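Student: what's the 3D shape of this:
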Amino acid sequence: MCHWSRNRPEPGLAKLACLALAALVLSVFALGQAVQAEGLFYYKDENGVMHVTDTPDSKKYKPFCVFGDKRYSRKELEWLVRKYGARYGVDPNLGVAVLKAESDFQRGAESSSGAQGLMQIMPVTQKDLGVKDPFDPEDNIAAGVRYLGWLLEKYDRVRLAVAAYNAGPGIVDQYGGIPPYQETKEYVERVISFYSRFQNQE
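Tutor: Below is the predicted model of the structure:
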C-alpha cells in the first residue's frame, strides 16, 4: 500500500520509496510528458494537495492519466466499475463479469454487429446514454454500468438483466424471459460464472 500527499512526508524506507515515486510522477506531469503510472490513482483536495495511492479508498480518486494515450491496467478498469457501480446500484463483481464477457478488458474491442469498447455498447445505446467516446475507458464503463443498473431495476433479476444486456430489453420482453437464442443463453451462463468466481475471490 502506498499513500502520499505532497505536504505530508512520512518516515521509513517504504514511505521514502513512495515519496520518490510520487515525486517522479509529479515532475513528469510538470514537464507535460506522457506517464504510464499503472495502478496509481490520484486526486487534488480543496487545499491544492495532490494525493497519490495504489489502493484508493474514496471515489475522489481517478486513474493516473497524464498527457497522451494511457493503457489502463485491469486494476484501474475494475476501480472504474466499482466507482460507477456505487453510483448506479450495480454490484461491482457483476459489472466486472459483464466487462470480461464483453471485451475481456480490451478497450478497443469492436463486434461485427457494431458494439464498441470495454462494455460493448451499441451506437444507438451510446447515443441514448450520452457517450462521447466509446473507446474512452471511463466514458464507456460509466455508460455500460449505468445501462446495466437500469436493466437490473427494470427486471429485478440478475439473469434477465444480463440477457437484456446481450439481446436487448425488447427481446426479453417479447419472450417474457431469457430468449431462446443460443448466443444469449451461453452469454448469460458465462457472465454468471464470472460473477460467481469474482464473488468468491473477495
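
Student: show me how far stretch 127-145 is from its chain's centre.
Tutor: Offset of stretch 127-145 from its chain centre (CA atoms, centre = their mean, to the nearest Å): 10 Å.

Student: pLDDT averaged over that stretch - what is it?
Tutor: Averaged across stretch 127-145, pLDDT comes to 95.

Student: list the buried ones in stretch 110-119?
Tutor: 115, 116, 117, 118, 119 (16 or more other CB atoms under 10 Å). Bear in mind the C-beta positions are built from the backbone N, C-alpha and C, glycine included.

Student: farthest-separated two in the residues you listed?
Tutor: Maximum pairwise distance among the buried residues of stretch 110-119 (CB to CB): 10.5 Å, between 115 and 118.

Student: now for these two: what residues contact both?
Tutor: Jointly contacting residue 115 and residue 118 under the rule CB atoms under 8 Å, 6 or more residues apart in numbering are residue 102.

Student: JSON lines please, covering the buried residues of stretch 110-119 and showing pLDDT.
Tutor: Shown next, in JSON lines, are the buried residues of stretch 110-119 (pLDDT from 0 to 100):
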{"residue": "115", "pLDDT": "96"}
{"residue": "116", "pLDDT": "96"}
{"residue": "117", "pLDDT": "96"}
{"residue": "118", "pLDDT": "97"}
{"residue": "119", "pLDDT": "98"}
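
Student: now render the residues you listed as a markdown table, adding distance to residue 165.
Tutor: Formatted as a markdown table, these follow (distance: CB to CB, whole Å):
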| residue | distance to residue 165 |
| --- | --- |
| 115 | 11 |
| 116 | 15 |
| 117 | 14 |
| 118 | 13 |
| 119 | 9 |
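
Student: domain assignment for this structure?
Tutor: Listed domain ranges for the chain are 3-63, 74-200 (source: automatic domain parsing).

Student: determine which stretch of those is the most buried.
Tutor: Among these, the stretch with the highest mean neighbour count (mean count of other CB atoms under 10 Å) is domain 74-200, at a mean of 18.

Student: measure that one end to end?
Tutor: From its first residue to its last, domain 74-200 covers 18 Å (CA to CA, to the nearest Å).

Student: packing partners for the helix or strand encompassing residue 190?
Tutor: Assigned by DSSP states H and E, residue 190 falls within helix 182-200. Here helix 182-200 touches helix 92-103, helix 158-167, going by 3 or more CB pairs under 8 Å, 6 or more residues apart in numbering; DSSP states H and E.

Student: tabulate those (TSV), appending distance to residue 201 and mean pLDDT.
Tutor: Shown next, in TSV, are the helices and strands packed on helix 182-200 (distance: least, CB to CB, whole Å; pLDDT from 0 to 100):
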stretch	distance to residue 201	mean pLDDT
helix 92-103	8	98
helix 158-167	18	98
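
Student: quick one: low-confidence parts of the protein?
Tutor: 1-39, 59, 64-70 (pLDDT under 70).

Student: so where do the helices sit in it?
Tutor: 13-31, 74-88, 92-103, 123-129, 137-155, 158-167, 169-175, 182-200 (DSSP state H).

Student: closest to residue 110 out of those helices?
Tutor: So among the helices of the chain, helix 92-103 is nearest, using CB to CB, at 9.3 Å.

Student: can you show me the CA trace of the closest one as PDB?
Tutor: The C-alpha trace of helix 92-103 is given here as PDB (Å, rounded to 0.1, in the frame of the first residue of the first chain):
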ATOM      1  CA  PRO A  92     -19.000  -4.300  -8.900                       C
ATOM      2  CA  ASN A  93     -18.500  -8.100  -9.300                       C
ATOM      3  CA  LEU A  94     -21.400  -8.300 -11.700                       C
ATOM      4  CA  GLY A  95     -20.100  -5.200 -13.600                       C
ATOM      5  CA  VAL A  96     -16.700  -6.700 -14.000                       C
ATOM      6  CA  ALA A  97     -18.200 -10.000 -15.000                       C
ATOM      7  CA  VAL A  98     -20.100  -8.300 -17.800                       C
ATOM      8  CA  LEU A  99     -17.000  -6.300 -18.800                       C
ATOM      9  CA  LYS A 100     -14.900  -9.500 -19.000                       C
ATOM     10  CA  ALA A 101     -17.600 -11.400 -21.000                       C
ATOM     11  CA  GLU A 102     -18.000  -8.400 -23.400                       C
ATOM     12  CA  SER A 103     -14.400  -7.400 -24.200                       C
END
